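A.B. asks: Structure, please.
(one chain, ligands or ions: 2)
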Amino acid sequence: MTRVAVYGTGSWGTAFAMVLADAGCEVTLWGRRAELAEAVNTTRTNPDYLPGVTLPETVRATTDPAEAAAGAEFTVLAVPSQTLRGNLSAWTPLLPPDTVLVSLMKGVELGTAKRMSEVIEEITGAGPDRIAVLSGPNLAREIAERQPAASVVACRDEDVARRLQAACHTPYFRPYTNTDVVGCELGGAVKNVIALAVGIADGMGLGDNAKASLITRGLAETTRLGLAMGADAHTFAGLAGMGDLVATCSSPLSRNHTFGTNLGRGMTLQETIAVTRQTAEGVKSCESVLELARRHGVEMPITETVVGIVHEGKPPLVALKELMSRSAKAERR
Ligand SMILES: NC(=O)C1=CN([C@@H]2O[C@H](COP(=O)(O)OP(=O)(O)OC[C@H]3O[C@@H](n4cnc5c(N)ncnc54)[C@H](O)[C@@H]3O)[C@@H](O)[C@H]2O)C=CC1
Ligand SMILES: O=C(CO)COP(=O)(O)O
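C.D. replies: Ligands and ions are numbered 1, 2, ... in the order given. This next block holds a predicted model:
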């Protein structure tokens, strides 16, 4: 039986642990809180993040990172992007030397503007053949209910991607392989920023034309950044690009979309943070994405607008006016 360690008992870590177990793996789920690990082991549920979902017997939880790591063929990381560096520094000495590190995270580190695979490489010293990314339209709650979804597993080494694909392929979860790690990571991180923009528009009461325009131009600016960073344009038309963007921008389950909606309705940033219990990666990553855009000389007007509203207190109506009155241009530039 393939042994897998999943670090992070939040909604996606727990739901993906279930996917792995349904695909035939033996999974150890690491979490910080003893009472939550105890609840998983005794009631087979994660009442804090996925109430009402029964987890398979082959998912066991622990608060001991060494116990989780032992014998793991895959080490899956599902903590907030901004805490990964600290978490992984503590776990690295415990990891099996050949384990494949799998990022489920959709953020870019603040300060360094590093993608999660870059942070993993820097901290663990693993080469690109041992670092994989899973990304796609994968709202955790739907997957925990075993509703059908497709996804992408990306690794520079295609054989490793195929091994991971086999480890998480179930009748309701269909992963495709890809070797474009940069594109998959950027697709996942930037769609959170665009989902904030769409949420703000929804909260302001704007219509479906505005939403479709933001999604489409959001994908255009994501692709521009990706191409400047060496990604493959096809990735952005796929599940980790367009697929995830559409799911996140249209679903009330999305934390980023909901965060934006609250801002668009007139809540302050502090009020919005106070009512947000879970990780909304775009709130911090919008600044890192903008930093990447500047470094690579790429225009990302929607990302810039989100940073203005979220971090600089720009009123959404003013931001909208500025976005709409930018100089006219050809669609493909
Ligand atoms: N929830 C979803 O539908 C999906 C989430 N993701 C991504 O997965 C990643 C994790 O997201 P979720 O599980 O949804 O978040 P969550 O907010 O549901 O859970 C986060 C988990 O990280 C833990 N955590 C928080 N601070 C920590 C720290 N300092 N050290 C260690 N652990 C800490 C929390 O206790 C919790 O277990 C994010 O990057 C997110 O973008 C990706 C696809 C789907
Ligand atoms: O990444 C996701 C779906 O693929 C989840 O989006 P949120 O983090 O906005 O909830």
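A.B. asks: Please count neighbours and contacts with C-alpha atoms only from this point.
C.D. replies: Noted.
A.B. asks: Near ligand 1, which residues of the protein are found?
C.D. replies: By CA under 6 Å from any ligand atom, the residues of the chain that approach ligand 1 are 8-13, 78-81, 83, 87, 104-107, 138-140, 278-279, 281.
A.B. asks: Kindly write the ChimeraX command that selects the buried subset of the residues you listed.
C.D. replies: Applying 16 or more other CA atoms under 10 Å to the residues of the chain next to ligand 1 leaves a buried subset, and the ChimeraX line that selects it is:
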select :8,9,10,11,12,13,78,79,80,81,104,105,106,107,138,139,140,281
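A.B. asks: Okay, and which of the residues of the chain next to ligand 1 map to helices?
C.D. replies: When DSSP state H defines the helices, the subset of the residues of the chain next to ligand 1 inside them is 11-13, 87, 140.
A.B. asks: could I have the lengthiest helix in the chain exported to CSV, CA atoms only?
C.D. replies: If you go by DSSP H, the chain has its longest helix at helix 181-203. This file holds the C-alpha atoms of helix 181-203, laid out as CSV (Å, rounded to 0.1, in the frame of the first residue of the first chain):
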residue,chain,number,x,y,z
VAL,A,181,5.0,23.4,-12.8
VAL,A,182,5.4,27.2,-13.1
GLY,A,183,2.2,27.5,-15.1
CYS,A,184,0.1,25.3,-12.8
GLU,A,185,1.3,27.2,-9.7
LEU,A,186,0.7,30.6,-11.3
GLY,A,187,-2.7,29.6,-12.5
GLY,A,188,-3.7,28.6,-8.9
ALA,A,189,-2.2,31.6,-7.2
VAL,A,190,-3.5,34.3,-9.6
LYS,A,191,-7.0,33.0,-9.9
ASN,A,192,-7.4,33.8,-6.2
VAL,A,193,-6.6,37.4,-6.9
ILE,A,194,-9.0,37.5,-9.8
ALA,A,195,-11.7,35.8,-7.6
LEU,A,196,-11.3,38.6,-5.2
ALA,A,197,-11.9,41.1,-8.0
VAL,A,198,-15.0,39.2,-9.2
GLY,A,199,-16.2,39.0,-5.6
ILE,A,200,-15.8,42.7,-5.2
ALA,A,201,-17.7,43.3,-8.4
ASP,A,202,-20.5,41.0,-7.2
GLY,A,203,-20.6,42.7,-3.9
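A.B. asks: Report the distance from that helix to the chain centre.
C.D. replies: Centre-to-centre, helix 181-203 and its host chain are 10 Å apart (CA atoms, centre = their mean, to the nearest Å).
A.B. asks: from the chain's centre, how far out does whatever helix or strand comes next after that helix sit?
C.D. replies: Counting by DSSP states H and E, the next helix or strand C-terminal to helix 181-203 is helix 208-228. Per CA atoms, centre = their mean, the displacement of helix 208-228 from the mean C-alpha position of its chain is 18 Å.
A.B. asks: Buried residues, the very next helix or strand once past helix 208-228. List them.
C.D. replies: Scanning forward in sequence from helix 208-228, with DSSP H and E defining helices and strands, the next element found is helix 233-237. For helix 233-237, a neighbour-count test (16+ other CA under 10 Å) marks 233, 235-236 as buried.
A.B. asks: Mind checking if helix 233-237 is in reach of ligand 2?
C.D. replies: No: Helix 233-237 lies out of reach of ligand 2 by CA under 6 Å from any ligand atom, never closer than 14.0 Å.
A.B. asks: who's in contact with that helix?
C.D. replies: Applying CA atoms under 8 Å, 6 or more residues apart in numbering, the contact partners of helix 233-237 are 180, 183-184, 187, 219, 222-223, 226-227, 241-243.
A.B. asks: mind redoing it with 7 Å?
C.D. replies: Outside helix 233-237, the residues that touch it by CA atoms under 7 Å, 6 or more residues apart in numbering are 183-184, 187, 223, 227, 241-242.
A.B. asks: filter those residues to the buried ones?
C.D. replies: Here, 16+ other CA under 10 Å leaves 183-184, 187, 223, 227, 241-242 buried among the contacts of helix 233-237.
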